[in-house]
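Participant: model this:
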Amino acid sequence: MTSRLRAAVAAVFVVFSLAFAVDGIVTTAVSAGPDCVRPCRF
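Facilitator: This next block holds a predicted model:
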């Protein structure tokens, strides 16, 4: 049971880590996109 519990906790941790990483990357790309494009055009 202990090994299964550790595996379950590890799996949940990995899933949450990936979710937060993707969310952070998307948020950064969306927020930095317009700021990067505007100075280049003007």
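Participant: The residue positioned nearest the centre of the chain: helix or strand, and which one exactly?
Facilitator: By Cα atoms, centre = their mean, the chain has its centre lying nearest to Ala21, at 1.5 Å. Element membership of Ala21, judged by DSSP states H and E, is helix 2-41.
Participant: chain center to that helix: distance?
Facilitator: Counting by Cα atoms, centre = their mean, to the nearest Å, helix 2-41 is centred 0 Å from the centre of its parent chain.
Participant: Give me the mean pLDDT for that helix.
Facilitator: Helix 2-41 shows a mean pLDDT of 80.
Participant: which other helices and strands contact that helix?
Facilitator: Contacting helix 2-41 under the criterion 3 or more Cβ pairs under 8 Å, 6 or more residues apart in numbering; DSSP states H and E is no other helix or strand. Where you see a C-beta, it was placed from the backbone N, CA and C, and this is true even at glycine.
Participant: what comes up buried for that helix?
Facilitator: Buried residues in helix 2-41, counted by 16 or more other Cβ atoms under 10 Å: none are found.
Participant: Please renumber the chain so that the first residue is 769 from this point on.
Facilitator: Got it, first residue is 769 now, which makes that one helix 770-809.
Participant: ok, back up a step: quick check: the residue nearest to the centre of the chain vs Ala775, distance?
Facilitator: 21 Å (Cβ to Cβ, to the nearest Å).
Participant: got it, and Val794?
Facilitator: Taking Cβ to Cβ, one finds Val794 at 29 Å from Ala775.
Participant: same question, Ala797
Facilitator: From Ala797 to Ala775 the distance is 33 Å (Cβ to Cβ).
Participant: cool, Ile793 as well?
Facilitator: Counting by Cβ to Cβ, the gap from Ile793 to Ala775 is 27 Å.
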